[in-house]
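> no sequence on hand, only this structure:
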């Protein structure tokens, strides 16, 4: 390798703990542990995951996968394929890090590591590693069942603010896929039910006219005033948005640091979210109108740069049941006393209320049951029952675009202390520990077992496709990113 559904009960019975563990991942665990450590150490940001992608593709190629690199105009995107024939099952992996989350591994106090300001605060080092692990398991399966189908490991860059899968969907890379499976590291083992938000991100740049702020203020036109007026206008708009909508912003350019100069340029980045693509576009258009009003009030020029977008997730209950059954069959990873003590050190810093109220990775229709399970086992060695819901989670992912093209389901695997939050130094600190690795191996086994079910039972694949077709109601996938917008940020 280069580089460094049956509903359960509220009791901790076999249905929650799961059945017998699979053993055939054992030959690959050392390679996977090393891969996860390398990706964690590299901690590369969106579209720049050069070493991480190489580590993954080198390992897959060494085990006989045919790899296409640099797909969809993204040098760090790849598709690794093994087998032949139908069905074609996609396993989705991510490996981008987050800025500003540098952290030493294994510590229970915040301490940035030297040499890299980034960190895997969403556990994508584990996410990508488990996808590769699932691919290796499915390679073994297909070697024993030649012609039984095709597995593809999709290397998906830039999930964090880059919409890598959206660009891949736009290029048709999922068009011949029969089903897609993925997962996400989290604090509890659960199928990720319901939907999530679509979003649009765009930068608003205002151009004004510089002038001496005291001697000739009448000659200046402040771009910073325009940004501030836009922000005020959007804040007033919040009172008239739906409960399931969100708008966030970050000022990228304030026009300089001299208050005696009227700022001639300023820029603000907005992220707009709603329940569906259409609703998101309507909300985004309102934000654009406010920006135009701000430009009009300040006599400045406005330019809008469309940055990225993702679609809302189309849930698939058929595949959700497949993943739940696989989770139960594989069995929830158990904790040693040493591991329980390690997790408790993080939880003691948070307090029992935050631990008990941990929301998991997806909506769950019975929050009291979730709390009950947490209280019985705060180490997270259980599997939440599969209870589909139509609720929308507050957050977005480019998996939504894949779900419009092919049936998709995902689950969360318990890798971190319950109560700790994603996009935090605590997750970065835990990414390479034994608990996280157990969750990673569990995820690889679940993904593989779920895919094996689809290889063996084509009627389930057909049922999943029928469910997707029914949900879409004849509507075809339309990429929310305009065709002229290309992936941004590579090489920066």
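It's in. Just so you know, these numbers come straight off a predicted model, no measurement behind them.

> ok, and what's touching stretch 203-210?
With contacts defined as Cβ atoms under 8 Å, 6 or more residues apart in numbering, stretch 203-210 is touched by 219-227, 230, 252-253, 255, 261-270, 291, 294-295, 298-305, 307. C-beta: built from backbone N, CA, C; applies to glycine.

> now with 7 Å?
219-223, 226-227, 230, 252, 261-270, 291, 295, 298, 300-305, 307 (Cβ atoms under 7 Å, 6 or more residues apart in numbering).

> in it, what's buried?
For stretch 203-210, a neighbour-count test (16 or more other Cβ atoms under 10 Å) marks 203-208, 210 as buried.

> could you measure from the residue in the chain sticking out farthest from the centre over to residue 256?
Distance from the C-alpha centroid of the chain, by Cα atoms, centre = their mean, peaks at residue 215 (51.7 Å). Distance, residue 215 to residue 256, by Cβ to Cβ, to the nearest Å: 17 Å.

> still on that earlier bit, so which of the contacts of stretch 203-210 are in helices?
223, 226-227, 230, 291, 295, 298 (DSSP state H).

> of the residues you listed, which is the nearest to residue 114?
Nearest to residue 114 among those: residue 227, at 35.4 Å, using Cβ to Cβ.

> now, which of the contacts of stretch 203-210 lie within strands?
252, 265-270, 301-305, 307 (DSSP state E).

> going by distance to residue 367, which of these wins?
Among the ones in strands among the contacts of stretch 203-210, and counting by Cβ to Cβ, the member closest to residue 367 is residue 270, at 31.7 Å.

> could you tell me how many residues sit around the closest one?
23 (other Cβ atoms under 10 Å).

> got it, and residue 106?
Applying other Cβ under 10 Å, we find 11 residues neighbouring residue 106.

> just the pLDDT at it, thanks.
Note on residue 106: pLDDT of 97.

> and it, what is it in contact with?
For residue 106, the contact set (Cβ under 7 Å, 6+ apart) comprises 429, 433.

> circling back to that earlier point, would you turn the ones in helices among the contacts of stretch 203-210 into CSV with distance to residue 320, pLDDT and neighbour count?
Supplementary listing: those in CSV, determined by distance: Cβ to Cβ, whole Å; pLDDT from 0 to 100; neighbours: other Cβ atoms under 10 Å:
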residue, distance to residue 320, pLDDT, neighbour count
223, 48, 98, 30
226, 46, 98, 30
227, 43, 98, 28
230, 41, 98, 27
291, 40, 98, 25
295, 46, 98, 22
298, 50, 98, 21
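
> quickly check those for the two that are furthest apart.
Across these (Cβ to Cβ), the longest gap, 11.9 Å, separates 223 and 291.

> so for stretch 160-176, what gets flagged as buried?
Applying 16+ other Cβ under 10 Å to stretch 160-176 flags 160-170, 173-174 as buried.

> what's the answer for stretch 371-381, then?
For stretch 371-381, a neighbour-count test (16+ other Cβ under 10 Å) marks 373-374, 377-381 as buried.

> wait, which of these is closest to residue 148?
Distances from residue 148 to the buried residues of stretch 371-381, taken by Cβ to Cβ, are shortest for residue 381, at 33.5 Å.

> tell me which element that closest one falls in.
Counting by DSSP states H and E, there is no helix or strand that carries residue 381.

> could you list every helix and strand in contact with the strand or helix carrying residue 348?
Taking DSSP H and E as the definition, residue 348 sits inside helix 337-350. Counting contacts by 3 or more Cβ pairs under 7 Å, 6 or more residues apart in numbering; DSSP states H and E, helix 337-350 packs against helix 434-456.

> next SSE downstream of the helix it packs on?
Downstream of helix 434-456, the first helix or strand assigned by DSSP H and E is helix 458-472.

> low-confidence ranges in the protein?
Along the chain, the parts satisfying pLDDT under 70 run over 1-3, 5-23, 489-492.

> let's see that with 80 instead.
1-23, 488-492 (pLDDT under 80).

> which stretches of the stretch 151-300 of the chain form strands?
With DSSP state E, counting those that start in this stretch as the criterion, the stretch 151-300 of the chain has strands at 179-186, 190-191, 195-196, 198-207, 246-253, 265-274.

> helices or strands up against the fifth one?
Here strand 246-253 touches helix 223-237, strand 265-274, going by 3+ Cβ pairs under 7 Å, 6+ apart.

> orientation of the longest one relative to strand 198-207 in degrees?
Right, helix 223-237. Interaxial angle of helix 223-237 relative to strand 198-207 (axes from the mean of the first three to the mean of the last three Cα atoms, to 10 degrees): 150 degrees.

> buried residues, helix 223-237. List them.
223-231, 233-234, 237.

> so can I have TSV of these showing distance to residue 478?
What follows is these, written out as TSV (distance: Cβ to Cβ, whole Å):
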residue	distance to residue 478
223	34
224	36
225	37
226	32
227	31
228	35
229	33
230	28
231	30
233	29
234	26
237	26
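
> okay, and residue 482 sits in which element?
Using DSSP H and E, residue 482 falls outside every helix and strand.

> tell me the spatial nearest neighbour of it, not counting adjacent residues.
Leaving aside its sequence neighbours, residue 482 sits nearest to residue 306 (Cβ to Cβ, 6 or more residues apart in numbering; 6.1 Å).

> surely the one you found and residue 202 touch.
Yes - between residue 306 and residue 202 there is a contact under Cβ atoms under 7 Å: 5.1 Å.

> which one of those two is surrounded by more residues?
Per other Cβ under 10 Å, whichever of residue 306 and residue 202 has more neighbours is residue 202, with 20 against 16.

> name whatever forms a beta bridge with that one.
residue 270, residue 306 (DSSP bridges).

> picking that back up, list just the nearest of the buried residues of stretch 203-210 to residue 471.
residue 203 (33.0 Å).

> quick one, what contacts the nearest residue to the closest one once chain neighbours are set aside?
Nearest non-adjacent residue to residue 203, counting by Cβ to Cβ, 6+ apart: residue 305, 4.4 Å away. Going by Cβ under 7 Å, 6+ apart, residue 305 touches 202-203, 205.

> from those, which single one is nearest residue 461?
Using Cβ to Cβ, residue 202 comes nearest to residue 461 of the contacts of residue 305, at 37.7 Å.

> my guess is the closest one contacts residue 302, does it?
No - the criterion here is Cβ under 7 Å, and residue 202 misses it with residue 302 at 11.4 Å.

> which residues in the stretch 301-450 of the chain form helices?
317-330, 337-350, 352-356, 367-376, 399-405, 425-430, 434-456 (DSSP state H, counting those that start in this stretch).

> distance to residue 47 for the ones in helices among the contacts of stretch 203-210 - can I get that in CSV?
Listed next are the ones in helices among the contacts of stretch 203-210 as CSV, based on distance: Cβ to Cβ, whole Å:
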residue, distance to residue 47
223, 28
226, 30
227, 26
230, 28
291, 26
295, 30
298, 34
